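[1] Here's a sequence, model it:
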Amino acid sequence: MKYIKADSVLPIVLVEELQSYIQGGYIYVPSKKDSKKKWGELSGCKLEIEQRNMKIRKGYQQGKSVEELADMYYLSVHSIRKIIYGK
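    So this is what the prediction gives:
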């Protein structure tokens, strides 16, 4: 995260009001709750994992064993079972 000078993005009146509380320090302004992205949404990682998990479930339905799927996807047998059984 990079720092932004307050006077370059905020009205001077607001900067002066902030200075009455803190001068020369750092303030973190959090994002609004409704604008936050969930894990993996920005990078696309979440979608990739969901697609991988669908392939694992499909492979299992087509007769592949849990051990085969674990070897194919470089995951533990326990992880494959969690994906298949939704736990």
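[2] Now do the helix or strand harbouring Asp71: everything it contacts.
    Assigned by DSSP states H and E, Asp71 belongs to helix 66-73. Residues from elsewhere that reach helix 66-73, judged by CB atoms under 8 Å, 6 or more residues apart in numbering: 52, 56, 59-60, 64, 75-77, 79-81, 84. Quick note: C-beta positions are derived from backbone N, CA and C, even for glycine.
[3] and with 7 Å instead?
    Residues outside helix 66-73 that contact it (CB atoms under 7 Å, 6 or more residues apart in numbering): 52, 56, 59-60, 76-77, 80-81.
[4] Looking at these, which are in helices?
    Mapping those onto helices (DSSP state H) picks out 52, 56, 59-60, 77, 80-81.
[5] Return the two entries of these that lie farthest from one another.
    Arg52 and Val77 (16.1 Å; CB to CB).
[6] Closest to the centroid, which residue in the chain?
    Nearest to the geometric centre of the chain sits Trp39, at 1.6 Å (CA atoms, centre = their mean).
[7] in which helix or strand would I find the residue lying closest to that residue once chain neighbours are set aside?
    Leaving aside its chain neighbours, Trp39 sits nearest to Lys46 (6.5 Å; criterion: CB to CB, 6 or more residues apart in numbering). Using DSSP H and E, Lys46 sits within helix 45-61.
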